[in-house]
Structures are given as structure tokens and as C-alpha cells.
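Engineer: Sequence first, then the predicted structure, then my questions.
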Amino acid sequence: MRHLMSPLDFSVEELDALLDLANDIEKYPEKYAHACAGKKLATCFYEPSTRTRLSFEAAMLNLGGSVLGFSSADSSSAAKGESVSDTIRVISCYADICAMRHPKEGAPLVASQKSTIPVINAGDGGHQHPTQTLTDLLTIRSLKGELGNITIGLCGDLKFGRTVHSLIHALIRYPNVRFVLISPEELRVPSYIREDVLEAKHIPYTEVERLEDAMPELDILYMTRVQKERFFNEEDYIRLKDYYVLTKAKMELAKKDMLVLHPLPRVNEISVEVDDDPRAAYFRQAQYGVYVRMALILTLLEIKVE
Ligand code: NCD
């Protein structure tokens, strides 16, 4: 039985197959409409979510399966003091596969060790968010044609943003990927990623503070929200929250075929006037999130559709 804790749990070849499957689902959805008939997905969300939880549920419903779950710690037995290990043992009796989001780093991993059904990490604290990364990879590959040969700018909260951490881990396996890390000093990529991943593997990267300076060289701009809930001090959040705002004027500095991605939710970091720019791909990205989660559910449940 397989779980998904990090995007590196899949080899590059396995990821290719998963993304191929997602593209096939996009083209021929009716072929997959009953693939999970009789199967149940549990969504165990101890932290707020709109997209991730609902896209998992939509994915399972599109496959003809059903869904059950909870969407906050207060509405589960966690409020009574139950451990994730006990919760997952019980959920294993009710469902065939589980997607879990938790504010504590490593909680889905602990759950997977006691689970008798596949567990998917749907975001653990400031650590990883592998299914957002699968979404990002599918979006980039579908819209750019390949995952290598890109200069990608990661902008915003690179310290607490788990989507950024997972995406860096995943993209370094492709040839000729260059990172431009755009953040204020306080929100730089943690040293355990900068030194132990980027430098250790000799991946080219630069760090800049001004978005305008980076714009002209980017093939992809990955914007992120300042992660309010991970700050210890409200004053710091207020000072940093509007550090970057992508506007129409800044888009004029970019390549004509640059893509703007964002895992969403957006707060102020992308002005709504950018939404109509053909390079704004964040809402298409959310749609790809459903296809890739359908492909993931089929893969982990080992269901093949001819
Ligand atoms: C992201 C997350 O939860 O980390 N959201 C998502 O799943 N699409 C990004 C964020 O909350 O900023």
C-alpha cells in the first residue's frame, strides 16, 4: 500500500505517468465516471481549506465514488483529545482512502504509519503540500509543454509557504531549472532548503527583494500569500502582508508568454486587474487540481481504466 507524504514519493517516471493520466482524464472524463464506484474518500481536515478539500471531494465524486469527513479540528474528536493515530485507525474502517490536512508538521506521516488505507498529505503545517505540487507540475507541463528548461520566480512568503517548499523539491529533478527567490529578508526560503537542497545539488538560484528586478527573465511567476496563521506576532504580519502586489504595470515588464501561478487563496498579492491577462493561469491551475487528484486517487487505489 502506498501513501503520499512528499512529491518525492513518486519517481520522475511515476510522476510522468500520473500527469499523463491526469491529461487523459481531462480529455475523456466520461471514461472515468464510474472508476471508483463503491469507494469512499475520507477528508480529515484539521485546518481551514477551500480548494484542497473540495477539489479532493470533487475528484472522488467525478470518479463515481463517495466522500465523508470533517473540515475542522473542532468538529472532530480531536476536540476531545483523540490522537491522529487513533482517528486514522477508525477512519480506516469507514473509507478506502484518506486525505489529511493538519497544522502540525508530520501529522499525516504519523497517521500513515497506523493506517490500513492510503493516506495523502493534504498540507502539514509549514512543511509540505504534495498535491498542490502535483497540481503545479500538471499546470506547468500542460501549458508550457515540459517541466525542464524554465526560470521560475517564487515570490512572497517563502519561509512559511509549504507549497513553495514542495515545489522546489519536485522541480530540481528536471533539467535546466533555475530559481529566482523573491522575498523580504524575514521571509526567505529556510536554510534547510537553500543550503541542503539547492546548494547541495548545485541548482542555480538567485535571491532578490524587488519583484520588478526579477520580472523580465521569468518563464513562470509563482505568487504566494503571506501565511498569516504561521506568524508569532501580528505586527510582523501587518508589516509584511502587502510587501508584493502584482499589478498590470509590473506585468508589462514580463515576457509575453510568462505564466502567473498562485496556489490560492489570493489576498492582496495579485491585483484583480491582472486576472484578465492571458498569462494569468491561477484559475486554470485550480481546475488542473481536480484532474491531478483524480489521477492520484486512481493510482493509490491501484484502479486501472482501459
Ligand atoms: C495553500 C496551502 O494551504 O498551503 N492553499 C492551497 O492548498 N491551495 C496556499 C495557502 O494557503 O496560501
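Structural biologist: Structure received.
Engineer: anything in the helix or strand where residue 238 lies near the ligand?
Structural biologist: If you go by DSSP states H and E, residue 238 is part of helix 234-240. No. Helix 234-240 stays clear of the ligand (CB under 6 Å from any ligand atom), getting no nearer than 13.2 Å. Backbone N, C-alpha and C define where each C-beta goes, glycine included.
Engineer: Pull the distance from that helix to the chain's centre.
Structural biologist: In terms of CA atoms, centre = their mean, to the nearest Å, the centre of helix 234-240 is found 25 Å from the chain centre.
Engineer: What are the buried residues along that helix?
Structural biologist: Buried residues in helix 234-240, counted by 16 or more other CB atoms under 10 Å: 237, 240.
Engineer: Measure how far stretch 21-34 is from the centre of its chain, please.
Structural biologist: 21 Å.
Engineer: what's that stretch in contact with?
Structural biologist: Applying CB atoms under 8 Å, 6 or more residues apart in numbering, the contact partners of stretch 21-34 are 62-64, 138, 142, 288, 291-292, 294-295, 298-299, 305.
Engineer: and with 7 Å instead?
Structural biologist: Identification of contacts with stretch 21-34 by CB atoms under 7 Å, 6 or more residues apart in numbering yields 62-64, 138, 142, 291-292, 294-295, 298, 305.
Engineer: and what of stretch 178-185?
Structural biologist: Residues outside stretch 178-185 that contact it (CB under 7 Å, 6+ apart) are 151-156, 158, 168, 188-189, 198, 203-209, 211, 214, 217-218, 240, 243.
Engineer: what residues does the longest helix along the chain touch?
Structural biologist: Taking DSSP state H as the criterion, the chain has its longest helix at helix 282-300. Under the contact criterion CB under 7 Å, 6+ apart, helix 282-300 has outside partners 2, 4, 18, 21-22, 25-26, 32, 35-36, 41, 51, 55-56, 58-60, 62-63, 97, 118, 120, 131, 134-135, 138-139, 142, 260-262, 264.
Engineer: from the chain's centre, how far out does it sit?
Structural biologist: Worked out by CA atoms, centre = their mean, helix 282-300 lies 10 Å from the chain centre.
Engineer: quick one: average pLDDT of that helix?
Structural biologist: For helix 282-300, mean pLDDT is 98.
Engineer: quick one: is it near the ligand?
Structural biologist: No. Against the ligand, helix 282-300 shows no contacts by CB under 6 Å from any ligand atom, the least distance being 7.6 Å.
Engineer: mind listing what's buried in that helix?
Structural biologist: So for helix 282-300, counting by 16+ other CB under 10 Å, buried means 282, 285-286, 288-300.
Engineer: Can you name the residues of the protein that neighbour the ligand?
Structural biologist: 51-52, 123, 129, 132, 162-163, 225, 263-265.
Engineer: 5 Å instead, please
Structural biologist: 51-52, 123, 129, 162, 225, 263 (CB under 5 Å from any ligand atom).
Engineer: which stretches of this protein have low pLDDT?
Structural biologist: Along the chain, no part satisfies pLDDT under 70.
Engineer: thinking again about what came up before, and the contacts of stretch 178-185, which of them are buried?
Structural biologist: Buried among the contacts of stretch 178-185 (16+ other CB under 10 Å): 151-156, 158, 168, 188-189, 198, 205, 211, 214, 218, 240, 243.
Engineer: before we move on, back to that, sort out for me which of the contacts of helix 282-300 are in strands.
Structural biologist: Cross-referencing the contacts of helix 282-300 against strands under DSSP state E gives 41, 97, 120, 260-261.
Engineer: so residue 261 bridges to which residues?
Structural biologist: residue 222 (DSSP bridges).
Engineer: what's the distance between it and the ligand?
Structural biologist: From residue 261 across to the ligand, the span is 11 Å (CB to the nearest ligand atom, to the nearest Å).
Engineer: for residue 293, same thing?
Structural biologist: From residue 293 across to the ligand, the span is 11 Å (CB to the nearest ligand atom).
Engineer: do the same with residue 254
Structural biologist: 22 Å.
Engineer: got a list of what that residue touches?
Structural biologist: Neighbouring residues of residue 254 by CB under 7 Å, 6+ apart: 215-216, 218.
Engineer: Report the secondary structure element holding the nearest residue to residue 181 once chain neighbours are set aside.
Structural biologist: Leaving aside its chain neighbours, residue 181 sits nearest to residue 207 (4.6 Å; criterion: CB to CB, 6 or more residues apart in numbering). Taking DSSP H and E as the definition, one finds residue 207 inside strand 205-208.
Engineer: Out of the contacts of stretch 178-185, list just those in strands.
Structural biologist: The strands, defined by DSSP E, take in 151-155, 205-208 from the contacts of stretch 178-185.
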